[in-house]
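S.K.: need coordinates for the below:
(3 chains)
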Amino acid sequence: MTAAATPAPGTNPDGSPRVHYLNAAYGLKSWLLTRDHKRIALLYLVSVSVFFALGGLMAVLIRMELVTPAGDLFQPDIYNRLFTMHGVLMIFFFLIPGIPAVLGNFLIPLMIGAKDLAFPRINLLSWYLYSIGGAFTLWALLHGGVDTGWTFYTPLSTNYVTTSVITVGVGIFIAGFSSILTGLNFVVTIHRMRAPGLTWFRLPLFVWSHYATALIQILGTPVVAIAILLVAAERTLHVGVFDPKLGGDPVLFQHLFWFYSHPAVYIMILPSMGVVSELIATFARKPIFGYKFVAFASIGIAVLGFLVWGHHMFVAGQSIYAGVVFSVLSMLVAVPSAIKVFNWTATLYKGSISWDTPMLYALGFIGLFTIGGLTGVMLATLGIDAHVHDTYFIIAHFHYIMVGGAIMGYLGGLHFWWPKITGRLYPAFWSRLSALVIFIGFNVTFFPQFILGYLGMPRRYHSYPPEFQVLNVMSSAGATILGLGYLMPLVYFIWSMRYGPKAPANPWGATGLEWQTTSPPPVENFKTQPVVTAPPYTYPAPTPSPGVALGD
Amino acid sequence: MPAHVRPVKDYIAVFLALMAFTALTVYASFVDLGPASTFVALGIAAAKATLVILYFMHVKGSTRLVPVVILSGLFFLFILFLFLAADYGTRGWLGVPGR
Amino acid sequence: MATEAHGTLAHHFDSLEQQKDSAVLGMWTFLVTEILFFGGLFAAYGLYRSLYPEVFRAASHTLSIQLGTFNTVVLIASSLTMALAVRGGQTGKGKLSALFLVLTLILGSTFLVVKGFEYHEKFVEHHVPGATFHFEGPDAVHAQLFFSLYFLMTGLHALHMVVGIALVAYVAKRAAGGAYTPENHNFLEGTGLYWHFVDLVWIFLFPLLYLIGRH
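M.R.: As a prediction, the model looks like this:
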């Protein structure tokens, strides 16, 4: 930042923009009726944080119960409601919207040099649908929640429970619409609104990831929507589609449910991978190794992800031949994920690494996602899955991906783009410390669960044999540390919005169109239409090390 | 700029073709075609659908992306049907109860 | 070159062409979600028909092939009038467009009235799944499955038609008022695409529900 005697027009003396998207208009209406993708992203940030807190509360209660072997804190059916609501809130209202709705909404138009998404009003509608779906679910929560597990398996959910299955189902259905519309908006935007010169292979990998995610949102969500509709029809009209007494098959529900819910896990991880690509490139000051491989791997994950859902049903009564097919395909889907991990690692080699907070999260992601992914390949093996299905091994596996992977990426992204979004910097010491606390807390919470599952502790049980207590106590202790780690960013991020130093346009020295505009950006994103003439991640080549004679 | 506008007679022609296919499919249901009857019915429906998509929905003459979008959707629907068939079609093959 | 005077260009688009291409792509993407949505029901239907072919055939014969065929003709005709309405938008003939849209509305409503009559017939024959269900013939339990799918699939389709009719009524009013120009009639085109999609679903529902082996 040069200290000019007279600041440029439209800027404050400290160089920050005088008018930007946050202060261009005031009042509740300007937020609740906004069409600005940046403001909508912030609306989502608040909403998903609320649901994350509620889902986290459920987790706290679960871990409290599991400190002792006896089920002495909650009645069994209350415990059932706790883990069900934990899953529903975290998956449908935090992880699935999470990065796309917050970071994707904010950044995609900026990254492609556009003024907004293709359909700004539909973007706002997405947020309202999400909020309405959330309201239905919260209403159900306040009336005792649901106790079927977030997977709503039939015939339990259709014939036997008396909890608010339909209310939560409606909430998820409506939130699903929100997800579909976000995906639709992203696909059309990325196809039709790229800046001049911005060819597909000049796009940041964050955009590729969100494109792949959007494909899944569009193709998968409708099928779970029909599955929910059928459960509601079964509960109210007893149509018999899932009822063996009427000729139906309960496993059909599982097929329709998992046709979406497996690709859904890729909705949850792909955006995070996109964030990691941006972070690794920036903080190693190198282009991502094998850019095209990483880009195609994103698409590969999206496509292959639709071919593997039966691996959730190995012991459900599915035909063994189908099980074999799904097993092989599930191992195949690990390949594009592994390609990404190898390419990120190769990017680090001979890079110029800085240990800023976003990088800590990115590195944490790579390690933890690898563990989660490898245990996934273990689970794809029919023989192993038959033993560990419905045990804590599964829980540990998906939490390594969802929390160790997706949430780390989300936090890394928030820390990376926070200066751009708010125009403020946050304290480096506390942010690094919280990254460390979260990393430690996470591993202490979830690694013991691999062992517990392998030893045979079932999931969704509120009591367990006494020999499992030590590991459970360890896990609950870890959860406390993890919770503390999550609280820290909440504190310093809010602090930064008032007291943080003003951020320059490009505090990290990163490439990417979003860094070519002010922090925070103006309402229309760019003062002049950017034109792209170079590939992404064009960091200057590193200077030769001393001792090498130039011209040698 | 406005796209190519089809003459009215094109739309009438498509309509008449759709009527003919409808008559054909009703007639075919009264003929004993054995196991082929389902495929014939679906084939005729697919032909009707193709006409509607290409002409009424202006896909013929649209950008290249539109058919790609449609075919992708159909492909994944096909995957759903295929893998469901892979499960239900092979149940009981191993002689293990319930599989 | 399209001028901004002929249609409103939203601030985030660079040209009317980009706006139109985006609208068309967006609508088709939405229709793909509808394909998958109905597809789940078709999957359930396919499964149970393959498991209980004889019962499904017998149950299908209790549907009126005359009414089904009539409705198919009506719906395809409404697709024709809709296509002509969109053409009116393409050629800047707002009033003609509105006329065809009203025809589409009438045909669509006719379809729903006939459907309602069919549902009433099913109710009278005790073929509505539930406590009052009664089917003459062996394997009544699985026959109920056919009727469940019949009501679910045609019901969901009818719901989409109701939405479609509302949309058609809205664009008819706008077209009559001259809102659509050759350069910008995206909402009309989108409504047309939606309407044709609803027709497409019926094109598959008709043979699968009404025409199972009538020999």
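S.K.: helix or strand next in line after the longest helix along chain A, which one?
M.R.: Secondary structure of chain A read by DSSP state H shows that its longest helix is helix A:250-284. The helix or strand immediately downstream of helix A:250-284 is helix A:291-304, counting by DSSP states H and E.
S.K.: got the angle between that following helix and helix A:250-284?
M.R.: 170 degrees (axes from the mean of the first three to the mean of the last three CA atoms, to 10 degrees).
S.K.: got the contact list for helix A:291-304?
M.R.: Defining contact as CB atoms under 8 Å, 6 or more residues apart in numbering or on different chains, one finds that helix A:291-304 is touched by A:200-201, A:203, A:205, A:208-209, A:211-213, A:215-216, A:263, A:266, A:270, A:273-274, A:277, A:288, A:329, A:332-333, A:335-337, A:339-340, A:343, A:535-537. C-beta: built from backbone N, CA, C; applies to glycine.
S.K.: quick one: the next helix or strand after it near chain B?
M.R.: With elements assigned by DSSP H and E, the helix or strand that comes after helix A:291-304 is helix A:320-348. Yes - using CB under 8 Å from any CB of the partner chain, helix A:320-348 comes into contact with chain B via A:320-322, A:325-326.
S.K.: nearest residue to residue A:527 in space, ignoring adjacent ones along the chain?
M.R.: Leaving aside its sequence neighbours, residue A:527 sits nearest to residue A:517 (CB to CB, 6 or more residues apart in numbering or on different chains; 7.5 Å).
S.K.: and if you look at residue A:143?
M.R.: Closest residue to residue A:143 apart from its sequence neighbours, by CB to CB, 6+ apart: residue A:164 at 5.8 Å.
S.K.: pull the number of nearby residues for that neighbour.
M.R.: Residues lying near residue A:164 (other CB atoms under 10 Å in any protein chain shown) number 22.
S.K.: now residue B:10
M.R.: 15.
S.K.: quickly note the distance from it to residue C:197.
M.R.: Remark: distance between residue B:10 and residue C:197 (CB to CB, to the nearest Å) = 20 Å.
S.K.: now swap in residue C:87 and tell me
M.R.: 18 Å.
S.K.: more neighbours: these two, which one.
M.R.: A direct count of neighbours by other CB under 10 Å for residue C:87 and residue C:197 places residue C:197 higher, at 24 against 21.
S.K.: let me know the helix or strand that the residue most central in space within chain B is in.
M.R.: By CA atoms, centre = their mean, chain B has its centre lying nearest to residue B:46, at 2.7 Å. Element membership for residue B:46, per DSSP H and E: helix B:36-51.
S.K.: which elements pack onto that helix?
M.R.: Where contact means 3 or more CB pairs under 8 Å, 6 or more residues apart in numbering or on different chains; DSSP states H and E, helix B:36-51 is packed against helix B:8-29, helix C:186-210.
S.K.: quick one: low-confidence parts of the chain?
M.R.: Using chain A. Chain A contains residues with pLDDT under 70 at A:1-7, A:541-552.
S.K.: nope, chain C please
M.R.: C:1-7.
S.K.: what about the closest residue to residue A:439 other than its chain neighbours, neighbour count?
M.R.: In space, and not counting its chain neighbours, residue A:439 is closest to residue A:364: 5.1 Å by CB to CB, 6+ apart. The number of residues packed near residue A:364 is 23, by other CB under 10 Å.
S.K.: same check on residue A:256?
M.R.: Other residues close to residue A:256 by other CB under 10 Å number 29.
S.K.: just residue A:491 next, same as before
M.R.: 12.
S.K.: so residue C:165 versus chain B, what's the distance?
M.R.: Relative to chain B, residue C:165 is positioned 18 Å away (CB to the nearest CB, to the nearest Å).
S.K.: residues in contact with the top helix by length along chain B?
M.R.: Ranked by residue count, the top helix of chain B under DSSP H comes out as helix B:65-89. Applying CB under 8 Å, 6+ apart, the contact partners of helix B:65-89 are A:191, A:215, A:219, A:223, A:251-252, A:255, A:259, A:306-307, A:309-310, A:318-319, A:321-322, A:325-326, B:53, B:59, C:24-25, C:28-29, C:31-32, C:35-36, C:39-40, C:42-43, C:46-47, C:50-51.
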